[in-house]
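K.L.:
for reference, the sequence and a predicted model appear below.
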Amino acid sequence: MSRYLVKRLGHAVFVVLGVSTVVFFILRLSGDPVLLMLPVDATQADVIRLRHALGFDRPLYVQYVRFMASIFQGDAGESIRYGQPALRLVLERLPATLQLASAALIFALGVAFPIGILSATRRGSLIDNIGSVVALLGQATPVFWLGIMFILEFSVRLKWLPASGYGTIGHLVLPSITLGLYLAAVTTRMLRSSMLEVLGQDYVRTAKAKGLSNSAVVVKHTLKNALLPVITVIGLQFAALLGGSVVTETVFAWPGVGRLVIQAIYNRDYPLVQASVLVISAVFVIANLVVDLIYGYIDPRIRYE
Amino acid sequence: MRNRILVSMAVVFSFAWLLVSGTVMAQTAPDIPRSETLIVAQGGDAMTLDPQKQGKMIDMSILSNVFDMLLTRDENLKLQPSLTTAWKTVNDTTWQFTLRKGVKFHNGEPFNADAAKFSIERLIDPNTKSPIVELRYVKRVEIVNEYTINIVTSEPDPILPAKLTLFGGVMVPPKYIKERGDAYFAEHPVGTGPFKFVEWVRDDHVTLVANPDYWKGAPKVKKLVFRAIPDDAARVAALLAGDVDIISNLPPDLAPVVNMSPGVKVLSIPGLRAHFLSLDSRKGPLADKRVRLAIASAIDVDALIAKILGGQAKRLNTLVPEEMFGFDPTVKPVPYDPQKAKELLAAAGYPHGFDIALNATSGIYMKDRDIALAVSGQLAKVGIRTKVQILEYGTFLTNLKADKLAPIYFIGNLAWTLDATNNFQSYLKSDRRYARMKSAEVDKLVDIEETSMDPSEREKAMFRIQQMIRDDAYFVGLFTGNDLYGISDTVKWAGPRNQVLWMYNAEIVH
Amino acid sequence: MVTLTPESGMNETALPRLSPFKRALRRLWIKFVRRKATIFAVLFLLFIVISSVLAPWLAPADPNAQDIEKRLVPPFWAPGGDASKVLGTDQLGRDVFSRILWGSRVSLAVGILSSALACLVGTLLGLLSGYFRGWVENVIMRVADIQLAIPYILLAITLVAILGPNLKNLVLVLGLTGWVNYARVVRAEVLSLREREFISAARALGASSFRIIHRHLLPNILSPIIVLSTLQVAQFIIAESSLSFLGLGVPISVPSWGGMLSESQLYVPLAPWMATYPGLAILLTVLSINLTGDFIRDALDPRLKL
């Protein structure tokens, strides 16, 4: 186990460096940050001056070596638009993002597990149909539309909750439901189909034939064996949420990582994009590692080598 | 198994509870009730609170309440004294400014010639990496006495005082910055302005409180909060819900929603950003002046303004809004005349029109996307088949720089110096960054208006330029869009002429 | 537990003489007619496909024809509606109904092609990494990690900056960002399956890797793959709009459902029909794809009773 972890740590370093390298070059092909920083009525001399001050006139390999060196020193340069250490800017946003993502996840699992299990065990029943409708709405409703509708209804008309912003639990309710609905839909559908799959397996039928009560069969055999793909997808989705959810954050003015990253991309704030991708890649590596470890717990036959 | 699920659920929930309960932030602002607080929502947050390292109106709007500039503009956009009380030219390359006495920064540091010298020299220092480029000709600042400075330029700069109004003229505290460092200053700004900085939660809000010792007298509002709500519809919703008192950057399409709602109204102020089409006159069909004039006559700008912009815009004749120094009121736009356009096309050898591409951005300039589409629809009626291509803004600018944009593109340009020279700067003279025309006469005229210290000579050159732009249709002037605000009935505020949300005069009525 | 390959465990005795392919088809048909919802779903999808092909003849108006005098006209039954504008007009006076008809082309193409691409690549890589493990798994999964961490907007911006915006590149970008889901899900399933007895038995009997993957693993992982693809179709139809809106997708002159939705964003309070009908089109299409997907899954999995 510990050997496995050490090995995965090595892989993690590889991934983080790989991502950094890929993004470094992609960014430089994507456009010029200096043009975006300056007004259109700046002169050519102004452009050259600022580009030099920011170091973007140095040869690409020099920039790359400097960037890699800065990573190993535990920083990722200074954001050209915010004038602050890029890594700090990203890490500052993580709590808000973590909050929203966790709340969305809790909402999603709270909805998805009961509905998913019940619709698989009582196929064709009312709850199965309700579950299908919820799942459908969750996956096909555009987030911006849902968010605006929530705001108009619960903030403007009923005045129950703040329209947007960050701070109290009240602020968290609407965005987490908006964000969680898609995840709920995904999880419900994965869980239902995967449980149906397992329910059709011989050993479950055998267990049923042996006279085990329905719910015991469900919990003991089916759920656990059905979890593999579900956990994988939840892991991926949750990690994606931690990387920021631009639309929800924008509609609800939530100060999370997503808005920071998208602005950094639009501004071609190279150091800031690089730093955020660094953090996001670390999040994915951890999430995927955790998921891989859970596999072993769910299905002890899976070995780690 | 069931137990284990229960246990893990419990763990998840308590973890979540910790997270959620941690969100109730300590309120560091002094205890001022909501009824005494003015909350303004903009479409974004400042990126830095260092006024010399930013170049966006959103940032400037917040910072103009904390900092003062050397000069300012009144409600008629006329230059007015602020931290400087008088200014004059000493010679072609030297301007002299007399500074206001008795002004102190929020930390008690005095404002004087040292501070002014420090501020300007900090701005032009390459190490500051400032996006503010207007002081490009400033060489150095000389201290004449404690309250007088000379600004020496490398070339004549006829509009230096105008450049010291907004971004260029912000005064910062030298001692504070030297002691605390740039990074600290950028998150804990100290200025001489009507409000003092309290706290900043990035991408959420900036809190300011009234500065009772402001040199003009304390502002009427006790506490001022700027919030960042990027989504237009959500910003309107926040106003309707009473979460905020003023919203800026209200899209014209949502103005009716605000007007229909009780307790709030729309504030519409003529804007300064010139929106126009650039026509590449160097090659292709557009090299023919008749074709360019055909395009100009095929576009029904009044219809665009009435329909697409909800009437919230003013016709723009060429590149220069009427508020600018150098605006020529005698130059009238090419009238809308589709019949004439067809005749011009036929005369130029395109009786059946031609195909051409048009570039625009999406969500950057006022209704950019819809304007581009509507223009394309109007051009189609005279046989000019345009292929509209929307470009992401960064790509748009990169292509503009690389001279890879389509023969027609739509762009907006804000000259905050209120001098037409900034409207001309990058586009006209053939050696400039974005020039797509060649005219020896225009080149000469630009040299005159940029370097002459005689205002009437500059004006004459600018008038001539506008006439040429109109007659040769190098550009098609479209409109200046109004700045729209949604404002609660509980707030008395006239709104700014220059987009900068200076809240000194705002008042809450009970 | 009796170890059987999943295909052989069926009561197929009724159809012994037919070839496996024909047998499968026959089975599919029987199951199909038994489920009415699926019939509707397939019919609806057919309808959408046909109407997108016939859009030039079915649409009452040119989808790009503007009439700014008649902008934001409500659907014909609402007060102020216009009989010639069945579902109303948008902010430029374009006919919403015609745009929905035309818009199905891009939306279906992008949704289906890009998730098909993602599915193909992802499933293949997932199978390989789960089955062979070792360095194959390491390389594939680390590339997946790298892929996940790169924001797709950045990828889209760069690709478009180099290659220009068009349908092909849009499918490429979405496919590139979507494959990881399949790869990780498939790998997880295979990790578990390869340790089961029936796989070891097959291996002991000398079956080739290709045969094991093809005959034993693939059929057993179809269920999550199909669910993922149907989920992704909806996701990509909406993602298309945000990319196209930025100028990173299909040209602005090509209507799409997602594009209509994102254009409607400002008009949700004033002109709800601009969002409602393209939204409904997406919803119904996704519903049909889900139902069809569920059906195919069930049909291919002989163990499930219908």
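P.N.:
In hand now; what should we look at? Numbers count the residues shown, from 1 in each chain, chains lettered A, B, ... in the order given.
K.L.:
just say helix, strand or coil for residue B:435.
P.N.:
coil (DSSP: H, G, I helix; E, B strand; the rest coil).
K.L.:
gap between residue A:151 and residue B:102?
P.N.:
When Cβ to Cβ, to the nearest Å is applied, the distance between residue A:151 and residue B:102 equals 48 Å. Quick note: C-beta positions are derived from backbone N, CA and C, even for glycine.
K.L.:
hey, C-alpha coordinates of stretch A:46-64 in PDB?
P.N.:
Written as PDB, here are the backbone C-alpha positions of stretch A:46-64 (Å, rounded to 0.1, in the frame of the first residue of the first chain):
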ATOM      1  CA  ASP A  46       4.000  51.500 -25.200                       C
ATOM      2  CA  VAL A  47       3.400  47.900 -26.200                       C
ATOM      3  CA  ILE A  48       7.100  47.200 -26.500                       C
ATOM      4  CA  ARG A  49       7.900  48.900 -23.200                       C
ATOM      5  CA  LEU A  50       5.300  46.900 -21.200                       C
ATOM      6  CA  ARG A  51       6.100  43.600 -22.900                       C
ATOM      7  CA  HIS A  52       9.700  44.100 -21.900                       C
ATOM      8  CA  ALA A  53       8.800  45.100 -18.300                       C
ATOM      9  CA  LEU A  54       6.700  41.900 -18.100                       C
ATOM     10  CA  GLY A  55       9.500  39.800 -19.500                       C
ATOM     11  CA  PHE A  56       7.500  38.500 -22.400                       C
ATOM     12  CA  ASP A  57      10.100  39.600 -24.900                       C
ATOM     13  CA  ARG A  58      12.600  37.000 -23.700                       C
ATOM     14  CA  PRO A  59      13.200  33.900 -25.800                       C
ATOM     15  CA  LEU A  60      10.500  31.200 -25.100                       C
ATOM     16  CA  TYR A  61      13.000  28.700 -23.600                       C
ATOM     17  CA  VAL A  62      14.200  31.300 -21.200                       C
ATOM     18  CA  GLN A  63      10.600  32.000 -20.100                       C
ATOM     19  CA  TYR A  64      10.000  28.300 -19.800                       C
END
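K.L.:
which residues are in contact with residue B:72?
P.N.:
Taking Cβ atoms under 8 Å, 6 or more residues apart in numbering or on different chains as the criterion, residue B:72 is in contact with B:79, B:80, B:81, B:82, B:165.
K.L.:
mind picking the two most distant members of these?
P.N.:
Farthest-apart pair in those is B:81 and B:165; separation 11.0 Å (Cβ to Cβ).
K.L.:
shared neighbours, the two?
P.N.:
B:71, B:72.
K.L.:
settle it for me: which of these two has more neighbours?
P.N.:
Between residue B:81 and residue B:165, counted using other Cβ atoms under 10 Å in any protein chain shown, residue B:165 has the larger neighbour count: 24 against 15.
K.L.:
number of nearby residues for the residue in the stretch 151-300 of chain B that chain A sits nearest to?
P.N.:
Of the residues in the stretch 151-300 of chain B, the one nearest chain A is residue B:203, at a distance of 3.7 Å by Cβ to the nearest Cβ. One way to gauge burial is a neighbour count; for residue B:203, by other Cβ under 10 Å, it gives 24.
K.L.:
and it, helix, strand or coil?
P.N.:
Look at residue B:203: counting by three-state DSSP, its state is coil.
K.L.:
quick one: residues contacting it.
P.N.:
Contacts for residue B:203 (Cβ under 8 Å, 6+ apart) come out as A:93, A:253, A:255, A:259, A:260, B:45, B:228.
K.L.:
what's the answer for residue B:65, then?
P.N.:
Applying Cβ under 8 Å, 6+ apart, one finds that residue B:65 lies in contact with B:193, B:194, B:195, B:208, B:224, B:501, B:502, B:503, B:504.
K.L.:
what about the second one, distance to chain C?
P.N.:
In this view, residue B:194 and chain C are 34 Å apart by Cβ to the nearest Cβ, to the nearest Å.
K.L.:
my read: residue B:161 touches residue B:88, true?
P.N.:
No. With contact defined as Cβ atoms under 8 Å, residue B:161 does not reach residue B:88; the gap is 9.5 Å.
K.L.:
low-confidence bits of the stretch 1-150 of chain C, can you list those?
P.N.:
Residues of the stretch 1-150 of chain C that meet the criterion pLDDT under 70 lie in C:1-21, C:23-24, C:27-28, C:30-35.
K.L.:
what does it have sitting close to chain B?
P.N.:
Taking Cβ under 8 Å from any Cβ of the partner chain as the test, the list of the stretch 1-150 of chain C residues beside chain B reads C:65, C:66, C:68, C:69, C:71, C:91, C:92.
K.L.:
what about the first one, which helix or strand?
P.N.:
This means residue C:65. Take DSSP states H and E as the rule and residue C:65 turns out to sit in neither a helix nor a strand.
K.L.:
is it true that it touches residue C:92?
P.N.:
No. Using Cβ under 8 Å, residue C:65 is not in contact with residue C:92; the gap is 9.3 Å.
K.L.:
can you check which residues contact both of the two?
P.N.:
Where contact means Cβ under 8 Å, 6+ apart, the residues bridging residue C:65 and residue C:92 through contact with each are residue B:377.
K.L.:
what about the two, which has more around it?
P.N.:
residue C:92 (21 against 13).
K.L.:
the more buried one reaches residue C:69, doesn't it?
P.N.:
No. Residue C:92 lies out of contact with residue C:69 (Cβ under 8 Å); the separation is 10.8 Å.
K.L.:
how many neighbours does residue B:213 have?
P.N.:
13.
K.L.:
typo on my end, it should be residue C:206
P.N.:
The number of residues packed around residue C:206, counting by other Cβ under 10 Å, is 7.
K.L.:
which stretches in chain A count as strands?
P.N.:
For chain A, strands defined by DSSP state E do not occur.
K.L.:
where do the helices sit along it?
P.N.:
For chain A, applying DSSP state H gives helices covering A:2-30, A:33-37, A:44-54, A:60-72, A:86-121, A:126-140, A:143-150, A:169-199, A:202-209, A:214-217, A:224-242, A:246-251, A:257-266, A:270-298.
K.L.:
now swap in the stretch 1-150 of chain C and tell me
P.N.:
Defined through DSSP state H, counting those that start in this stretch, the helices belonging to the stretch 1-150 of chain C, from first to last, are C:20-34, C:36-53, C:55-58, C:96-132, C:134-149.
K.L.:
could I get those as TSV with mean neighbour count?
P.N.:
Shown next, in TSV, are these (neighbours: other Cβ atoms under 10 Å in any protein chain shown):
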stretch	mean neighbour count
helix C:20-34	13
helix C:36-53	15
helix C:55-58	13
helix C:96-132	23
helix C:134-149	19
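K.L.:
among those helices, which comes closest to residue B:299?
P.N.:
Among the helices of the stretch 1-150 of chain C, helix C:96-132 sits nearest to residue B:299 (Cβ to Cβ), with 24.1 Å.
K.L.:
who's in contact with residue 271?
P.N.:
Chain wasn't specified; assuming chain A. For residue A:271, the set of contacting residues under the criterion of Cβ under 8 Å, 6+ apart consists of A:76, A:77, A:78, A:79, A:80, A:86.
K.L.:
wrong one, chain B
P.N.:
With Cβ under 8 Å, 6+ apart as the criterion, the residues that contact residue B:271 are B:313, B:480, B:481, B:482, B:483, B:499.
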